[in-house]
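This is a predicted model, with the sequence first.
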Amino acid sequence: MSGSPVKRQRMESALDQLKQFTTVVADTGDFNAIDEYKPQDATTNPSLILAAAQMPAYQELVEEAIAYGKKLGGPQEEQIKNAIDKLFVLFGAEILKKIPGRVSTEVDAR
């Protein structure tokens with residue numbers, strides 16, 4: 001978050017005020033960003049996870065998911081599907097380490 005210290009302080013105060021009356025939910029795949037706002041719950045979706053997965057900080061999770069897909073074997077398309085599913089689970093698990101509530105991850109309904 002950028003801007004003048006006065007404006008930032010005002011914005012933080014507004015967030016603190018909202019926290020008194022509502023549940024703050026993060027909508028992100030970047031679980032390291034969650035520390036800044038301290039939400040209760042989190043939601044994420046394939047687009048947000050894709051964006052976060054391209055960040056160097058999350059390369060280890062991507063590599064773990066790829067290894068999982070390869071380990072399960074099968075045609076390349078199935079390996080990719082399994083790797084993506086595993087990546088969603090890995091991101092969700094990491095988000096759960098940062099919040100006290102729940103994580104909701106949008107998945108393909110097929």
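Thanks, I have the structure now. Numbering: from 1, shown residues only.

For the rest of this, base every contact and every neighbour count on C-alpha atoms.
Noted.

State the pLDDT value of residue 92.
Here the pLDDT value assigned to residue 92 is 92.

In contact with it, which residues are there?
103, 104, 105 (Cα atoms under 8 Å, 6 or more residues apart in numbering).

what's across from the closest residue to the first one other than its chain neighbours in the sheet?
Read that as residue 103. Take residue 103 and drop its neighbours on the chain: the residue closest to it by Cα to Cα, 6 or more residues apart in numbering is residue 42, 4.8 Å away. Legend: beta-bridge partners of residue 42 under DSSP bridges are residue 26, residue 103.

Could you single out the nearest of the contacts of residue 92 to residue 47?
Closest to residue 47 out of the contacts of residue 92 is residue 105 (10.9 Å), distances taken as Cα to Cα.

Quick check: closest non-adjacent residue to that closest one.
Nearest one to residue 105, counting by Cα to Cα, 6+ apart, is residue 44 at 4.9 Å.

could you point out where the protein is predicted with low confidence?
1-13 (pLDDT under 70).

which one of the contacts of residue 92 is nearest residue 68?
Proximity of the contacts of residue 92 to residue 68 (Cα to Cα) peaks at residue 105, which lies at 19.4 Å.

Count residues in the vicinity of the closest one, would you?
Counted with other Cα atoms under 10 Å, the neighbours of residue 105 add up to 19.

what's the distance between it and residue 91?
Plainly put, residue 105 is 9 Å away from residue 91 if you go by Cα to Cα, to the nearest Å.

joint contacts of those two?
Common neighbours of residue 105 and residue 91 (Cα under 8 Å, 6+ apart) do not exist.

distance between the helix ranked longest in the chain and the chain's centre?
Longest helix of the chain, by residue count under DSSP state H: helix 76-96. Relative to its parent chain, helix 76-96 has a centroid offset of 12 Å by Cα atoms, centre = their mean, to the nearest Å.

so the residue sitting nearest the centre point of the chain is in which element?
By Cα atoms, centre = their mean, the chain has its centre lying nearest to residue 29, at 2.5 Å. Using DSSP states H and E, residue 29 sits in no helix or strand.

for it, phi and psi?
phi -110, psi -10 (degrees, to the nearest 10).
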